Each structure stands twice: as structure tokens, then as C-alpha cells.
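test case, fold it:
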Amino acid sequence: MGLGVTVIVLIAVAGFSGPRWTLIIAGALSAWFLLALAVIHISSGRGRDAVRRAYIATFGWGNWI
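From the prediction side, this is the model:
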């Protein structure tokens, strides 16, 4: 759910302020996801489990909406 809300917000931001802020926000979220994936992969996660845990760390807030 968090990823879906993020995509909707990015579309709204693109509509109101153009591609600059959309790319900045998308880049920040991508960097956060890759950082979480790297930390989880280094610590103990492997394969799909690492991706799942990084997704939850990045977009898990959507469960509380």
C-alpha cells in the first residue's frame, strides 16, 4: 500500500511542480531502498528475503494508512 500511495503522490507532485521535484523525491526513495537493501543483505538477508525486508523498511508505513 505504501508504494501505491507513493506513486500517487509522485504523480500529483509532477502535475503541480513538474519533473524536477518528482525526480528528487523518487531519487531519495530509491536511494533509501538501495541503502536498506545493502544493509539487510550485508547483515543476514539473502535473495528475496532481503528485497522483501528492504521494501518493508521503505514502504511499510503504508500499512498504517
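
outside of the helix ranked longest in the chain, which residues touch it?
When the chain is parsed with DSSP state H, its longest helix is helix 19-43. Applying C-beta atoms under 8 Å, 6 or more residues apart in numbering, the external contacts of helix 19-43 come out as 6, 9-10, 13-14, 50-51, 53-55, 57-58. Placement of C-beta: from N, CA and C, glycine included.

now for the residues you listed, which pair is the farthest apart?
14 and 50 (30.2 Å; C-beta to C-beta).

more crowded one of those two?
residue 50 (19 against 16; other C-beta atoms under 10 Å).

name the helices or strands packed onto the host helix or strand of the more buried one?
For residue 50, the host element (DSSP states H and E) is helix 47-59. On a contact count with 3 or more C-beta pairs under 8 Å, 6 or more residues apart in numbering; DSSP states H and E, helix 47-59 meets helix 2-17, helix 19-43.

residue contacts, the spatially closest residue to residue 5 that is not a sequence neighbour?
What sits nearest to residue 5 in space, not counting adjacent residues and going by C-beta to C-beta, 6 or more residues apart in numbering, is residue 62, at 5.6 Å. Residues near residue 62 by C-beta under 8 Å, 6+ apart: 1-6.

where's the dip in pLDDT among those residues?
Least confident entry in these, by pLDDT: residue 1, with 82.

pass me the low-pLDDT residue ranges in this structure, would you?
Within the chain, no stretch has pLDDT under 70.

rerun that using 90 as the cut-off
Scanning the chain for pLDDT under 90 picks out the ranges 1-6, 18, 40-65.

circling back to that earlier point, what residues of the longest helix of the chain count as buried?
Within helix 19-43, the residues that qualify as buried are 22, 25-26, 33, 36-37, 40-41, counting by 16 or more other C-beta atoms under 10 Å.

relative to helix 2-17, how tilted is that helix?
Orientation check (axes from the mean of the first three to the mean of the last three C-alpha atoms, to 10 degrees): helix 19-43 against helix 2-17 gives 160 degrees.

helix 19-43: how far from the chain's middle?
Centroid displacement of helix 19-43 relative to its chain, using C-alpha atoms, centre = their mean, to the nearest Å, is 6 Å.

how about stretch 4-22?
14 Å.
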